[in-house]
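S.K.: okay, here's the prediction I keep looking at, along with the sequence it came from:
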Amino acid sequence: MGLEAATEPRGGDHARHLQTKTFGSLDGLRALAILAVLWHHTGEGWPDWRIATRGFLGVDLFFVISGFLIATLLLRERRRTNAISLRNFYGRRFLRIFPAYYFMLLVVGAMAFLKPGNTSAAVRHDLPYALLYLSNLVPMQSILAITWSLAVEEQFYIVVPPLEKYVRRGMTLLLAVLYVVAVLPSFGFWPGLDLPHFFRETTFGPILLGVLLAHVMDDPAGYSWTSRLLGWRWAPVIALALVVLACLHPAEDISGLPRTLIHFALTALVAACVVQERHALRGILASWLLRRIGVVSYGIYLYHLIVMHFVTKGMERFETSSHLLAFAVTTIATWGAAELSYRLFESRFLALKSRFFADRRDAPVRA
């Protein structure tokens, strides 16, 4: 879902937003999100400074961006064609997500079946749930636990695009209701239900906030309100400062209100970065390095625990225990693996999107 620098067509602010095909800062935000996840997973033993232990929130940022882009794509398609093609949508999603995902599962599964042991048994337990995108619904025991977020995305795709297609009036209100229902478990509601771990912390809430943001910005009045609130040069810096401040919450468990406030701060950050391109963080977020990492961030997420496994084994062999070194080596090696996957494997499937599932008329935001 990499997005490149935007061109700014003529017209009013809202018209310019509707015609903008790429948002120049979102790949940079996606890069920061995946680096936070890598920091989190390589960071066992980090000093007990709260923000240093909360890299898992990078997934929440991914969710906000994903919800915003998917809904923006669908809303613009309906604006252009007065319809939404679910066939095209699911075809594009299939070609973007499935090949690399099932390749990763093949690699992990082969490693598990070729090398028996407790770790392999855990992988074999988790594999069926990962294959069916159900890993957010059961306790996962292996490195395949990271597939919970991809399961959330796939379940989101099953529900929200059809709603976008068939529900026109009252969609924003329906999304708001769905958001409230989605976040209730994190506030301790339905305590008698044996809800999966991820439902009690975060689930569809951040994605739905991204979808709501897309609806707000698709509406002229909503865009005008967002522009007045966040459309000034330093707004992304303030939003990022709010994210950092919220992440400094002293409690070990931030489920409920603290994490919800973080989600709203992340949504404000995304909004501030797309409502206008010329903002104070543009130079950093649109830099080649962060944009390139953002483009292949999906592959980095898929492969990073496999790479980290071998990096850890290598460091143990050389009796090295530097967490910063583990983070650096894992990041560089995983980026390399993701680049190879993207260039030699994923790109071949992505090329089929325009051949079999092309959008009608004008090209939309790429997601």
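M.R.: Noted; the coordinates are in hand.
S.K.: for Met104, see how far away Ala110 is.
M.R.: 11 Å (CB to CB, to the nearest Å). For glycine as for every other residue, the C-beta is placed from the backbone atoms N, C-alpha and C.
S.K.: out of the two, which sits in the busier spot?
M.R.: Set Ala110 next to Met104 and count neighbours by other CB atoms under 10 Å: Met104 wins out with 23 against 10.
S.K.: how about low-confidence regions in this protein?
M.R.: Scanning the chain for pLDDT under 70 picks out the ranges 1-12, 44-48, 191-202, 359-367.
S.K.: recalculate using a threshold of 80.
M.R.: Scanning the chain for pLDDT under 80 picks out the ranges 1-12, 43-52, 116-118, 188-203, 319-321, 354-367.
S.K.: just give me the residue closest to the centre of it.
M.R.: Phe62 (2.1 Å; CA atoms, centre = their mean).
S.K.: buried sites along the helix or strand harbouring that one?
M.R.: Assigned by DSSP states H and E, Phe62 belongs to helix 57-81. Using 16 or more other CB atoms under 10 Å as the test for burial, helix 57-81 gives 57-78.
S.K.: show me which positions of the helix or strand following that helix end up buried.
M.R.: Counting by DSSP H and E, the next helix or strand C-terminal to helix 57-81 is helix 86-114. For helix 86-114, the neighbour count (16+ other CB under 10 Å) marks 88-89, 91-93, 95-97, 99-101, 103-105, 108-109, 112 as buried.
S.K.: cool, and stretch 212-226?
M.R.: Quick answer for stretch 212-226 (16+ other CB under 10 Å): 212-218, 222-223, 226.
S.K.: rewinding a little: please, which helix or strand holds the residue nearest to the residue nearest to the centre of the chain when sequence neighbours are not counted?
M.R.: Spatial nearest neighbour of Phe62, chain neighbours left out: Ala33 (5.0 Å); criterion: CB to CB, 6 or more residues apart in numbering. Secondary structure assignment for Ala33, by DSSP H and E: helix 26-41.
S.K.: that helix vs helix 57-81, what angle?
M.R.: Put simply, helix 26-41 runs at 150 degrees to helix 57-81, going by axes from the mean of the first three to the mean of the last three CA atoms, to 10 degrees.
S.K.: I'd say Glu153 and Ile207 touch.
M.R.: Yes: counting by CB atoms under 8 Å, Ile207 is a contact partner of Glu153 at 7.5 Å.
S.K.: could I get the buried residues of stretch 212-226 as TSV with secondary structure and distance to Trp288?
M.R.: Output for the buried residues of stretch 212-226, formatted as TSV (DSSP: H, G, I helix; E, B strand; the rest coil; distance: CB to CB, whole Å):
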residue	secondary structure	distance to Trp288
Leu212	helix	32
Leu213	helix	27
Ala214	helix	27
His215	helix	32
Val216	helix	31
Met217	helix	27
Asp218	helix	30
Gly222	helix	33
Tyr223	helix	30
Thr226	helix	29
